[in-house]
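>>> sequence first, then the predicted structure, then my questions.
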Amino acid sequence: MPLDTVMAHTLAPSTSLVSLRTLSLDFQAVADARVQLAACFQPASMHGLEEGICNHFSAVVPGHDDLFFANPYGYAFNEITASRLLICDYEGRVIDGEGQPEATAFFIHARVHKLMPHVKAAFHTHMPFATALCMIEGPPLLWLGQTALKFYGRTAVDENYNWLALDELEGDRIAQTMGDADILFLKNHGVMVAGASIAEAWDDLYYLERAAEAQLRAMSSNRPLKPVPHDVAQRCYEQMRAGDVEIARAHLASGMRQLRAKGVAFEA
Ligand SMILES: [Zn+2]
């Protein structure tokens with residue numbers, strides 16, 4: 001089947017009831033979240049974390065736990081700006097913005113946000129190194145290096161690849177498999193990174209790909225791998241997690257400064 005046939009699934013436009021909603025989508029917190037999420041697409045594109053126009057980031061709209069931002073179908077990550085982001089509800093209606101989310105984006109992200117209320121941002125990519133780990137039998141991420149230890153005990157694996165997620169059941173299954181984990185490796189597919197904030201989801205997405213790349217390079221040496229012992233891994237994980245929220249905030253702030261310095265119009 002041609003790639004565009006496989007990937008080009010959009011939801012049928014639905015505007016019923018949208019006008020009945022009374023929304024306060026102009027609060028500063030909503031505007032800030034919109035800009036923060038828009039900012040994440042740019043470095044993700046620069047680092048090659050996206051695949052064509054087929055990957056998606058979402059974030060719960062502050063003050064509206066039944067709504068989420070998502071990127072519209074048909075745009076590459078580096079085309080995403082704050083005003084291009086859609087606001088959707090869990091029934092598939094676009095409340096604000098032009099266009100539609102990709103169908104799998106809706107079915108996966110709507111169910112993750114609905115069933116996992118602690119998840120405020122959910123980033124799904126087919127980023128090459130982490131996805132390569134999803135194509136290997138056994139646990140995808142190994143505890144071989146310091147960067148990987150950021151994810152120690154925070155990962156889950158969906159072993160059952162089931163074609164495209166084009167209904168709520170697939171999204172439900174993904175949310176259920178994820179459980180309390182923040183990182184879900186979708187075997188034969190890609191990854192889902194769930195964060196308590198946009199900054200934390202971005203930070204995890206970036207470092208997950210770095211850890212996956214380092215692991216694959218180590219594996220390609222064909223020399224024996226040297227795992228970190230459990231007690232050391234656990235201690236390192238605890239040290240890293242203690243500073244994660246602040247590091248993630250600073251990481252995103254740095255990214256936004258760099259985008260502004262380059263004149264990237266992500267805030268438009
Ligand atoms: Zn995917």
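Nice, thanks for sending it over.
>>> could you list the low-pLDDT ranges of the stretch 151-268 of the chain?
Low-confidence segments of the stretch 151-268 of the chain, defined by pLDDT under 70, span residues 163-166.
>>> that one: strands as residue ranges?
Listed in chain order, the strands of the stretch 151-268 of the chain (DSSP state E, counting those that start in this stretch) span 155-158, 183-186, 190-195.
>>> flag every buried residue along the longest one.
Which is strand 190-195. Within strand 190-195, the residues that qualify as buried are 190-195, counting by 16 or more other C-beta atoms under 10 Å. The C-beta positions use only the backbone N, C-alpha and C, and glycine is treated the same way.
>>> between these, which is closest to residue 206?
Of all the buried residues of strand 190-195, residue 193 has the smallest distance to residue 206: 9.4 Å, by C-beta to C-beta.
>>> OK, contacts around that closest one?
Shown in contact with residue 193 (C-beta atoms under 8 Å, 6 or more residues apart in numbering): 122-124, 182-184, 201, 204-205, 208.
>>> that one pairs with what?
According to DSSP bridges, the partner residues bridging residue 193 are residue 123, residue 183.
>>> quick one: which of the strands of the stretch 151-268 of the chain is nearest residue 40?
Comparison of the strands of the stretch 151-268 of the chain against residue 40 by C-beta to C-beta identifies strand 190-195 as nearest, at 10.3 Å.
>>> distance between the closest one and the chain's centre?
On the basis of C-alpha atoms, centre = their mean, to the nearest Å, strand 190-195 sits 5 Å off its chain's mean C-alpha point.
>>> do the same with stretch 225-239
Centroid separation between stretch 225-239 and its chain, computed with C-alpha atoms, centre = their mean, is 25 Å.
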